[in-house]
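Novice: starting from these lines, generate the structure:
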Amino acid sequence: MIRFHDLRLSTATLLLEQGIDLVVIKELLGHAHIGVTAGVYAHVGLRLQRDAIDSLNSALGGINDRPDDSPVTASVR
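Specialist: So this is what the prediction gives:
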């Protein structure tokens with residue numbers, strides 16, 4: 001049996017994984033406080049976590065450390 005709450009949970013999670021801002025999701029769900037949206041409804045999947053780490057790595061000029069990529073070498077002077 002699917003409950004209405006389950007549909008809201010799925011909606012929030014799918015929107016978050018599509019890159020929709022949490023504030024927009026909060027408004028769509030009609031929450032007064034973003035903490036409700038973030039804490040109860042928006043469960044971040046592993047793919048989204050990895051994308052965030054990759055984005056931060058790129059912003060900091062880091063190396064690409066994904067296991068399926070060829071290794072990168074660096075020299076120290």
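
Novice: show me the helices in this structure, by range?
Specialist: For the chain, the helices defined by DSSP state H occupy 4-17, 22-29, 34-36, 46-59.

Novice: contacts only, for the most centrally placed residue in the chain.
Specialist: Relative to the mean C-alpha position of the chain, the nearest C-alpha, by CA atoms, centre = their mean, is the one of residue 48, at 3.6 Å. Residue 48 makes contact with 16, 17, according to CB atoms under 8 Å, 6 or more residues apart in numbering. Glycine gets a C-beta too; all of them are placed from N, C-alpha and C.

Novice: what's the burial count for the residue nearest to residue 24 when sequence neighbours are not counted?
Specialist: Among residues not flanking residue 24 along the chain, residue 15 sits closest, at 7.6 Å (CB to CB, 6 or more residues apart in numbering). Residue 15 has 18 neighbours, counted by other CB atoms under 10 Å.

Novice: follow-up on the earlier one: can you tell me how far the residue nearest to the centre of the chain is from residue 14?
Specialist: Distance check for residue 48 against residue 14: by CB to CB, to the nearest Å, it reads 11 Å.

Novice: sorry, back to before: CSV for the helices of the chain, including mean pLDDT?
Specialist: Compiled in CSV, the helices of the chain are given as follows (pLDDT from 0 to 100):
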stretch, mean pLDDT
helix 4-17, 84
helix 22-29, 92
helix 34-36, 89
helix 46-59, 84
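
Novice: circling back: how close does the residue nearest to residue 24 sit to residue 30?
Specialist: 14 Å.

Novice: now residue 8
Specialist: Separation of residue 8 from residue 30 (CB to CB) stands at 10 Å.

Novice: the two: who's more crowded?
Specialist: Set side by side, residue 8 and residue 30 show more neighbours around residue 8, with 17 against 9, by other CB under 10 Å.

Novice: please tell me how far that one sits from residue 39.
Specialist: 13 Å.

Novice: next: residue 4.
Specialist: Using CB to CB, we find residue 4 at a distance of 19 Å from residue 39.
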